[in-house]
Structures are given as C-alpha cells and as structure tokens.
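Engineer: here is a sequence with its predicted model. Questions after.
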Amino acid sequence: MIILFIKSDLIRHQSLPGHTCPNCHKTDGMDMELRQRYADFAEGKVYPKGVFGLVNCLHCGYTLPASRWDERLHRVYKTLKTSYKTPVSYWKGAIIAVVGLVVGTLLIVGTLSFMGQSQRADIDRQRTAFTTALTTPTPGVTLASIANGQPTYDVWRVSHVNGETVWLKKYTGNRTLTDFYSETGWATVPDSDFSIETIGYSRTKLAEKGLKRTADMANKNKPYDGVIIAVLDK
Amino acid sequence: MNEPDDYEYSGRRSKYPPMLQLLGYFGLGIGGIFMSFDRLKELTAFEQPIVMNRLQPMLRVHWVEKFLYELGGKYLVFGFFMAFSLAFVGFGVWRLSSWLQLRNSGY
C-alpha cells in the first residue's frame, strides 16, 4: 500500500524485575522497550523520527503512561538508549528519493541538451551550406530571395560568374514557392523555366546576402533589389 | 481521547502536558473568541456608524464573513466564529483533562 505512515521498530528491550504493574500487581512482568520511530512509505523506511520508550506489563498488556515514569525508569531508559545510534538504513527512502531526483534531472537535462546539440548541428550545417553557396556561387545553384515589402519569394538560378559579377536568371514558370524551408524539387526545375536574359549582381554583396546590381554599385543610396534567404538545392 | 503519544516516553519532558497541542487549541480558541467579539463590534459600527461615532464604514471583510452576514446578519457571523472558537477551547480542555486523568489514574 503506497501510503505514508509513522511506524516504530523495537530496537531492544529489558525486563524490570523490581517494578510492580499498577494494573495486575505482579512484580515480574514489567518490560521496557526502546523503539525507533520512522516514516514509512510503500513498505519502506524513509527517514527516522526519534527514539522513545514504552513500559508494558507482559502479564496483562498494560502500558504505563509516560507521565507516570519515575526516576528509576528514566535511568533504565537512559542506559538502554546509550550506545544506540540510528542506523543509516532508516534513511534509505530519503537517499533513494534524493538520488532519484538527481539522476532524473540529469537524464532529462542530458536528453534535452543532446537533442539540442543535434538540432544545433543541423542548423550549423544549413548555415554553412548557405554561406558556401553565396561566397562561391556555382552555375546551376537555385536561390530564393525576398524583395522589399513584397510577400512572395523570387527564385533565381546562377547562370555564370564573371569576375566581380554573378549573373542570375529569374524564374518565370508557374510554380509558386510557398515555403522555402521545407519545399523540395526546385533544384530540378529545368533551365527553360528561367528567363533567357541574365542580370549581373555584385558578387561581394551576394556574399553578404544582398542583391545589388553591378551597374548600381556606384550609387551608394540605391537600396538592394532583394535579400537572399535560402538555397533551394535540396 | 487517549493519545498514543501519552504512552511514549522520550525523556523527562514526557512528564509535562503536551504544551504545543494545548497552546494550539487554547490559542486558536481564545483568539477566535476575541475575534468574534471584535467582528461583532465592527459589524455594529458598520450598521450604526453615527451611534458608534464611526465616520467610515468597515472596509475589509472576508468572503466567508460577508456570506454569513448577508445570510443572517451580524449575530450569525458572531455565532459561527464563536462556535468554532468554543469547539477549539473544548478540544483543549478535553486534551488536558484526558492527559491529567491518565497521569493521575491509580492503576
């Protein structure tokens, strides 16, 4: 039964030959018990809660109330109690609880951090691929960009690289890119779906994810045409 | 009401009555009696502010008190708290008398 109880164990006992039972008036039946009180949970000891004494008559079962113990009984109690030290086994439940809490916490924290590590590795891999594609643009790579203030994505394909200029072809097909993060198949879209004319963008700015035409590079106030947000080569 | 504690000896302290329990019973009981009269006075002041020379009516009322007041007026509030307080005092008397009986019993 999984209920918390306060229980007690008999540690040691001693007969009290000189004492008369107030109930049955026999002189040989009084017996003092030393008991260890403890908290019990699910039939296991959790933690100790002190030591106490009981004086019983073994003839009639009478228990002498603690308020009526005399000095002699007190001395016997002290003698019984000396050299008794609560065993560590009474702390079993508390120790298991603490160890369980620590181990459980470590397991949860460890699992979460492990999962986080693999997630972080995924993100890092993605970021590296993205950066590589932008710093060393290769012909045939498909990119997605957003223009200023527009809710849709533009899709581009690198045509060729010529010194400082990257020549991009814009997608002119019917397909709409709705989710650049999870959509696949854009790398296999045929080149015929892209515009014939190419636009020259600055390679330096492309490495910084910006789309700025080489022709506009002299104009410092001209904003970017768009911002590259993803590489669609999945 | 014979407590198992009364049979368990844990040192010389066991010769004295269970002071913490008695303090709890009598403390709550007597405190509650004081509180009952205080609330009665407050509710009277709330009903008759001019007679009681009170410019401002009572401001803070516990929801139990409010419910009882709306149900049966100030004497219901008084009676309710008084009943509980007297019960506490009664338990204290019972506890002390049973302990004394156990200590003084002949056998």
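Structural biologist: Received the coordinates, thanks.

Engineer: does residue A:138 sit in a helix or strand, and which one?
Structural biologist: Applying DSSP states H and E as the criterion places residue A:138 outside every helix and strand.

Engineer: the closest residue to it other than its chain neighbours bridge partners, please.
Structural biologist: Spatial nearest neighbour of residue A:138, chain neighbours left out: residue A:158 (6.4 Å); criterion: C-beta to C-beta, 6 or more residues apart in numbering or on different chains. To be clear about C-beta, it is placed using only N, CA and C from the backbone, and glycine gets the same treatment. Going by DSSP bridges, residue A:158 is paired in beta bridges with residue A:168.

Engineer: from chain B, how far off is residue A:158?
Structural biologist: To chain B, residue A:158 is 73 Å away according to C-beta to the nearest C-beta, to the nearest Å.

Engineer: now swap in residue A:64 and tell me
Structural biologist: The value you get for residue A:64 to chain B, if C-beta to the nearest C-beta is used, is 7 Å.

Engineer: what's the pLDDT at residue 43?
Structural biologist: Looking at chain A here, since you left the chain open. pLDDT, residue A:43: 86.

Engineer: that's the other chain; I wanted chain B
Structural biologist: Note for residue B:43: predicted pLDDT of 88.

Engineer: in which helix or strand would I find it?
Structural biologist: Assigned by DSSP H and E, residue B:43 falls within helix B:19-47.

Engineer: ok so, going back, roughly how far does the residue nearest to residue A:138 sit from residue A:47?
Structural biologist: 71 Å (C-beta to C-beta, to the nearest Å).

Engineer: which residues touch the residue most central in space within chain B?
Structural biologist: When C-alpha atoms, centre = their mean is applied to chain B, the residue found nearest the centroid is residue B:29 (1.9 Å). Contacts of residue B:29 were listed using C-beta atoms under 8 Å, 6 or more residues apart in numbering or on different chains, and they are B:85-92.

Engineer: list buried residues within those residues.
Structural biologist: When burial is judged by neighbour count using 16 or more other C-beta atoms under 10 Å in any protein chain shown, the buried members of the contacts of residue B:29 are B:85, B:88-89, B:91-92.

Engineer: quick one, longest helix in chain B?
Structural biologist: Using DSSP state H to assign secondary structure, the helix with the most residues in chain B is helix B:74-104.

Engineer: tell me the mean pLDDT over that one?
Structural biologist: The pLDDT scores in helix B:74-104 average 96.

Engineer: again, but for stretch A:163-177
Structural biologist: 93.

Engineer: dump that stretch to CSV, keeping only the CA atoms.
Structural biologist: The C-alpha trace of stretch A:163-177 is given here as CSV (Å, rounded to 0.1, in the frame of the first residue of the first chain):
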residue,chain,number,x,y,z
GLY,A,163,34.9,38.2,-62.1
GLU,A,164,33.1,40.5,-59.6
THR,A,165,29.7,39.9,-61.2
VAL,A,166,27.3,37.0,-60.7
TRP,A,167,24.8,36.5,-63.5
LEU,A,168,21.4,35.4,-62.3
LYS,A,169,18.4,34.2,-64.3
LYS,A,170,14.9,34.8,-62.7
TYR,A,171,12.3,32.0,-62.6
THR,A,172,9.5,32.6,-64.9
GLY,A,173,7.5,29.4,-64.6
ASN,A,174,4.1,28.8,-63.0
ARG,A,175,5.3,27.2,-59.8
THR,A,176,5.0,29.3,-56.6
LEU,A,177,7.4,29.0,-53.8
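
Engineer: just to revisit the earlier point, so which bits of the helix holding residue B:43 are buried?
Structural biologist: By 16+ other C-beta under 10 Å, the buried positions in helix B:19-47 come out as B:21-22, B:25-26, B:28-29, B:32-33, B:36, B:39-40, B:42-46.

Engineer: hang on, isn't the residue nearest to residue A:138 packed against residue A:165?
Structural biologist: No. Residue A:158 is beyond contact range of residue A:165, at 11.3 Å (criterion: C-beta atoms under 8 Å).

Engineer: so what's residue 54 up against?
Structural biologist: Defaulting to chain A. A:32-33, A:35, A:63, B:7-9.

Engineer: not quite, go with chain B.
Structural biologist: residue B:45 are the contacts of residue B:54 under C-beta under 8 Å, 6+ apart.

Engineer: surely it forms part of a helix?
Structural biologist: No. Going by DSSP: H, G, I helix; E, B strand; the rest coil, the assignment for residue B:54 is coil, not a helix.

Engineer: phi first, then psi, for it.
Structural biologist: phi -120, psi 120 (degrees, to the nearest 10).

Engineer: report pLDDT for it.
Structural biologist: Note on residue B:54: pLDDT of 73.

Engineer: how far away is it from residue B:40?
Structural biologist: The gap separating residue B:54 from residue B:40 is 14 Å, by C-beta to C-beta.

Engineer: who in chain A is up against chain B?
Structural biologist: Within chain A, the residues that sit near chain B (C-beta under 8 Å from any C-beta of the partner chain) are A:22-23, A:35, A:50-55, A:62-69, A:73-74, A:77.

Engineer: taking those residues, please make a PyMOL selection of just the buried ones.
Structural biologist: The following PyMOL line selects those of the residues of chain A next to chain B that are buried, judged by 16+ other C-beta under 10 Å:
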select buried, chain A and resi 22+23+35+51+52+53+54+55+62+64+65+66+67+68+69+73+74+77
